[in-house]
Each structure stands twice: as structure tokens, then as C-alpha cells.
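*Asks:* Structure, please.
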Amino acid sequence: MKNITVIGAGNGGMTAAYHFAKEGHSVCIYDNPDFSTQIDAINADGGITALAEHHGESMMFAGTEKIEKATTNIKEALAFSTMLIMICPSFAQEILFNEMLPYLTNDHKLVIMPGNYGGMVLQKMKNDAGKKELDIAFIDAISIPWACRIVSPGVISIMGIKTFLPMSIMPQELDTPELQKKIQEVFPIPLEFLDDSIQAGLENINFGGHPLLTTLNMGILENFEGKFNYYRDCCSTATANAAAKMDQERLSVGVAWGYDLRTELDAMNALYDSDYDTVYEFNRASTTHVKIDSAPATSKNRYITEDVPYLLVPCYELAKAKGIKVPIVESCIHIASAYNNENYFETGRTLEKMGLIVKN
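*Replies:* A predicted model of the protein is given here:
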């Protein structure tokens with residue numbers, strides 16, 4: 001049994017805390033005092049409940065699990081364990097890390113799910129804060145293991161789980177078999193260790209499906225308030241074709257940077273143990289993704305506000321650094337920026353923010 005601290009009590013954080021506890025680990029979950037709803041519910045009920053059924057569909061890993069500590073005190077949370085699992089929107093990574101910095105030690109390992117190049121950003125923040133001597137391992141996962149939702153305070157539903165989870169470890173000198181083993185010991189599925197944070201960012205399977213399909217379907221999504229199934233209803237033969245073209249742009253960036261990336265189809269089939277012939281078929285039929293109608297209802301949804309600035313913008317910047325054109329990626333960023341009156345090219349995760357200096 002391990003002590004594990006989960007940072008963030010959203011959909012993924014609540015599910016992580018529950019599943020780690022179900023696996024026999026002792027779990028602490030933290031969230032900021034301004035977002036204490038789930039923490040308060042856990043303390044009132046003594047744990048987290050996962051439903052056996054939701055909207056008439058069978059869910060996974062049903063039950064109720066005790067959570068050892070639920071707190072809004074970051075010092076307490078970091079003292080509970082040296083294994084930290086941060087699960088939050090990418091825009092909150094820097095905010096939470098600033099809270100954590102005064103209490104971090106060389107013994108801490110920080111797994112970021114999804115990473116979205118977060119390890120590079122937080123490493124730069126640590127160094128810029130005058131803490132270069134702090135030898136923290138940053139682990140960027142490409143995603144979270146679960147397809148999950150919070151149903152009500154303290155109650156979750158788990159629709160599916162990936163068959164394995166790719167992630168990277170930085171700095172390079174801390175990427176040892178011993179550390180890989182320690183990380184694997186806390187996760188309920190096998191892990192695959194990638195070369196670095198850039199590869200982990202480029203391998204995030206939300207890259208194609210989320211931002212492009214959301215952008216292309218925004219009128220319907222807004223007018224019908226997202227009251228249909230996103231994967232099944234927003235993916236058509238034409239939109240899947242556009243997504244495939246954008247995926248080719250991502251793959252070309254990978255080649256330029258020396259990575260042999262999985263195609264979106266290969267990744268989804270591997271992660272969900274399926275054998276679909278096309279992305280269109282996967283989105284229309286995947287039993288994990290069509291269980292609950294949960295389409296975005298606004299351009300402020302994370303499929304735009306997270307996946308565009310923290311996945312598409314880094315890809316665009318990596319492409320530009322190598323002199324590669326990625327017109328569909330670039331167009332999607334422009335349109336999303338227009339939707340939300342924001343310049344994601346500037347506010348997104350740039351190479352400068354990652355501390356990445358590219359010599360031309």
C-alpha cells in the first residue's frame with residue numbers, strides 16, 4: 001500500500017482518488033479552498049461513491065471507498081505523500097504549482113494528467129523562482145486513464161478505462177528504472193514511458209477529435225445546448241476526413257522532431273483495446289464514448305479553452321520552429337480565438353513558456 005496525494009478534485013481527480021483507494025492505497029485529495037465542494041462532500045460522507053449505473057448504462061468499478069484525508073490545506077496535502085498526482089485543467093497547473101512550491105522537497109514526484117507540456121512549464125517556473133536545486137521529477141501523462149464524470153458532490157461515474165497510459169519523465173537524469181517502477185506501483189493499468197515531454201504532448205489523443213470537431217460543430221453545439229452524444233453525433237465522414245488531415249500535420253511535426261508518433265486511430269484502438277478501421281467508426285461505435293450524452297454546449301468548454309491553447313498552439317509552435325506548415329491546426333486556432341475573443345497564439349502554451357529555446 002502506498003500513500004498518494006491527488007491534487008485537484010474535478011472529474012479526473014475524484015476518480016483517481018477513488019480508484020487509488022479501491023486498489024488499496026491510502027489517499028489524500030486536495031483542492032483550493034475556493035473550490036471545496038467535493039472536499040466538503042468527502043469529509044461529510046467519509047469517502048467517494050462510484051455508481052453502478054448512470055443514465056441507464058452500466059458503469060465500472062462501482063462502490064464506496066474511504067478517503068484518508070480530504071483537505072484544502074496544501075501543506076497538509078504535500079506532507080501526506082511524496083507521490084503527487086495533479087489532475088486539473090492545464091490553465092490551473094501554474095496556479096496549483098505556485099501553491100505547492102514552498103512545501104516541495106527533493107523526494108516529491110509530480111505526475112501531471114494530462115501533462116500537455118506541463119512538466120516543462122513547471123520546471124521553468126521552479127528554476128525562475130530560484131529553486132534550481134529542488135530536484136523534483138515531473139511526469140507528463142498524455143491523458144487520464146478514465147472516462148469519467150462527477151454526478152453530484154462525492155459521487156462519480158466511470159464509463160471506461162484505458163488499457164495503458166503513456167507518460168514521460170523529466171529531467172532526463174531522473175528517468176530511471178527505479179522511478180518508473182515506483183510510478184507503476186500506484187497505477188491500476190500498465191504504463192508506457194516515452195522519450196520526453198514533447199513526445200507526451202504530441203501523443204495526447206485529444207489533439208484531433210476535441211478542438212477540431214468542436215470548432216466545426218459549434219453552431220449545433222450552442223443552439224442545442226450540447227444535448228446529444230459528442231463522439232457519435234459530431235463525427236461525420238467529412239469532419240473525420242478533416243481530422244485525419246490535421247492528424248497528418250501532427251505526425252509531420254513529430255517526424256521533424258525525431259518522434260515516431262502513433263496515428264490517432266492507432267492510439268485510440270490501442271488505448272481502448274479496439275479494432276476499428278477508421279476514426280469515424282471509433283467515434284460512432286466505441287462503447288466507452290457513447291454511453292453518456294455529454295457534448296460541449298459552448299465555445300468556453302475545455303475542448304476549446306484547454307485543447308486549443310495547450311495542444312494545438314504548442315504543435316503550431318513546434319512546427320514553426322522547424323519551418324513546417326500546419327494549415328488546419330493554424331486555422332483551428334484562429335477560429336477558436338475568434339469564438340472566444342482571445343488570441344490563443346499569444347495566451348497559449350508557447351515554446352518560450354516551456355523554456356524551450358530553438359536554434360534556427
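
*Asks:* For the rest of this, base every contact and every neighbour count on C-alpha atoms.
*Replies:* Fine.

*Asks:* other SSEs contacting the helix or strand Ile198 falls within?
*Replies:* Secondary structure assignment for Ile198, by DSSP states H and E: helix 197-202. Applying 3 or more CA pairs under 8 Å, 6 or more residues apart in numbering; DSSP states H and E, we find helix 197-202 packed against helix 118-128, strand 137-141, strand 165-170, helix 237-256.

*Asks:* Figure out how far that helix is from the centre of its chain.
*Replies:* 12 Å (CA atoms, centre = their mean, to the nearest Å).

*Asks:* Partner strands of the helix or strand containing Ile4, with direction?
*Replies:* Using DSSP H and E, Ile4 sits in strand 3-7. Next to strand 3-7 in the sheet, as set by DSSP bridges, lie strand 26-30 (parallel), strand 83-87 (parallel).

*Asks:* Show residues contacting it.
*Replies:* For strand 3-7, the surrounding residues in contact (CA atoms under 8 Å, 6 or more residues apart in numbering) are 13, 16-17, 20, 25-31, 77-78, 80-88, 186.

*Asks:* Need the pLDDT of the residue nearest to the spatial centre of the chain.
*Replies:* Nearest to the mean C-alpha position of the chain, by CA atoms, centre = their mean, lies Pro114 at 2.3 Å. Listed pLDDT for Pro114 reads 96.

*Asks:* Can you show me the CA trace of the helix holding Ile198 as CSV?
*Replies:* What follows is helix 197-202, C-alpha atoms only, in CSV (Å, rounded to 0.1, in the frame of the first residue of the first chain):
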residue,chain,number,x,y,z
SER,A,197,7.5,15.9,-22.5
ILE,A,198,7.4,17.0,-26.1
GLN,A,199,6.6,13.4,-27.3
ALA,A,200,4.0,13.1,-24.5
GLY,A,201,2.3,16.3,-25.6
LEU,A,202,2.2,15.3,-29.2
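
*Asks:* that older thread, which residue is the nearest non-sequential neighbour of the residue nearest to the centre of the chain?
*Replies:* Excluding its sequence neighbours, the residue lying closest to Pro114 (CA to CA, 6 or more residues apart in numbering) is Ser143, at 4.2 Å.

*Asks:* quick one: that neighbour is in a helix?
*Replies:* No - Ser143: not assigned to a helix; according to DSSP: H, G, I helix; E, B strand; the rest coil it is coil.

*Asks:* what about Glu346, how many residues close to it?
*Replies:* Using other CA atoms under 10 Å, Glu346 is surrounded by 10 other residues.

*Asks:* what do you get for Cys235?
*Replies:* By the criterion of other CA under 10 Å, Cys235 has 24 neighbours.

*Asks:* ok, it - contacts?
*Replies:* So Cys235 contacts Leu213, Tyr280, Asn283, Arg284 (CA under 8 Å, 6+ apart).

*Asks:* does the third one count as helix, strand or coil?
*Replies:* Assigned state for Asn283: helix (three-state reduction, three-state DSSP).

*Asks:* shouldn't it be in contact with Ser236?
*Replies:* No - Asn283 is beyond contact range of Ser236, at 9.2 Å (criterion: CA atoms under 8 Å).

*Asks:* of the two, who's got more company?
*Replies:* Neighbour count, other CA under 10 Å: between Asn283 and Ser236, Asn283 has more, with 24 against 17.

*Asks:* roughly how far apart are the more buried one and Val255?
*Replies:* Using CA to CA, to the nearest Å, we find Asn283 at a distance of 26 Å from Val255.

*Asks:* Please apply the same query to Ser36.
*Replies:* 44 Å.

*Asks:* start to end distance for stretch 39-57?
*Replies:* By CA to CA, one end of stretch 39-57 lies 27 Å from the other end.

*Asks:* Report the distance from that stretch to the chain centre.
*Replies:* 22 Å.

*Asks:* Next one, pLDDT for the closest residue to Trp146 other than its chain neighbours please.
*Replies:* The shortest distance from Trp146 to any non-neighbouring residue, by CA to CA, 6+ apart, is to Ile161 (4.4 Å). According to the prediction, Ile161 has pLDDT 95.

*Asks:* Could you do Tyr316 as well?
*Replies:* Note on Tyr316: pLDDT of 98.

*Asks:* cool, Ala21 as well?
*Replies:* Reported pLDDT for Ala21: 98.

*Asks:* Correct me if wrong: it contacts Ile67.
*Replies:* Yes - counting by CA under 8 Å, Ala21 does reach Ile67; the two are 6.8 Å apart.

*Asks:* okay, and the common contacts of the two?
*Replies:* Listed as contacting both Ala21 and Ile67 by CA under 8 Å, 6+ apart are Val27.

*Asks:* now the end-to-end length of stretch 86-104.
*Replies:* 14 Å.

*Asks:* cool, stretch 169-182 as well?
*Replies:* Stretch 169-182 end-to-end distance (CA to CA) = 12 Å.

*Asks:* can you list contacts of that stretch?
*Replies:* By CA under 8 Å, 6+ apart, the residues outside stretch 169-182 that reach it are Gly119, Ala137, Phe138, Ile139, Asp140, Phe193, Leu194, Asp195, Asp196, Ser197.
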